[in-house]
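Visitor: test case, fold it:
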Amino acid sequence: MLLYRKKKKLPTKLDLSSFKNRSKGPSLGGVRKVQAEVVDDEPPRVSKDIFLYKGKKYNAWQALGIPAGANSSEIKAAYAAKAKQDAANKDFYFKAMKTVL
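Guide: Residues are numbered from 1 along each chain as shown. The predicted structure is shown next:
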């Protein structure tokens, strides 16, 4: 009985023929050029006086019932009055006060 080895298969050669005809410059492939456009409209900005409470947006100045730009003593006095008047929503008024301070 004779034993013999099978010859190993030679590795396959890579087909590099597509590189021969390729241009030397940079290629973008599937990327397209886009130009920037000037837009007149500006997206609405979120005011710093808006706060979220239980998933809804509120204006802190309106919630406290004071004009925008009031000083800190007026804000604290408005909070104290609202919290005393409506004790059930005390945390709502507290969040409004913290937003404007």
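Visitor: sketch out the low-pLDDT regions of this protein for me.
Guide: Counting by pLDDT under 70, the chain shows low-confidence ranges at 1-2, 21-31, 43, 45-46.
Visitor: what ranges do the helices span in it?
Guide: Per DSSP state H, the chain carries helices over the ranges 17-20, 60-64, 72-85, 90-100.
Visitor: for those helices, which one ends up most surrounded?
Guide: helix 60-64 (a mean of 20; mean count of other CB atoms under 10 Å). Where C-beta positions appear, they are placed from N, C-alpha and C, glycine not excepted.
Visitor: quick one: residues in contact with it.
Guide: Here helix 60-64 makes contact (CB atoms under 8 Å, 6 or more residues apart in numbering) with 49-51, 67-68, 70, 75, 78-79, 82, 92-93, 96-97, 99-100.
Visitor: try stretch 75-93
Guide: The contact list for stretch 75-93 (CB under 8 Å, 6+ apart) reads 53, 58, 63-66, 70, 94, 96-97, 100-101.
Visitor: straight-line length of that stretch, end to end?
Guide: End-to-end distance of stretch 75-93 (CA to CA, to the nearest Å): 10 Å.
Visitor: most widely separated two among the contacts of stretch 75-93?
Guide: Within these, Tyr53 and Ala70 form the most distant pair, 20.0 Å apart (CB to CB).
Visitor: quick one on the thing from earlier: nearest to Glu42, of the contacts of helix 60-64?
Guide: Among the contacts of helix 60-64, and counting by CB to CB, the member closest to Glu42 is Ile50, at 17.3 Å.
Visitor: ok, back up a step: now, which of the contacts of helix 60-64 sits nearest Lys33?
Guide: For the contacts of helix 60-64, the nearest to Lys33 is Ile50 (39.6 Å; CB to CB).
Visitor: excluding chain neighbours, what is closest to Pro67?
Guide: Trp61 (6.9 Å; CB to CB, 6 or more residues apart in numbering).
Visitor: again, but for Tyr93
Guide: Closest to Tyr93 by CB to CB, 6+ apart is Lys82, at 4.5 Å.
Visitor: look up how far Pro11 lies from the residue lying closest to Asp49 once chain neighbours are set aside.
Guide: In this structure, Asp49 finds its nearest non-sequential neighbour in Ala60, 4.9 Å apart by CB to CB, 6+ apart. Using CB to CB, to the nearest Å, Ala60 is found at 73 Å from Pro11.
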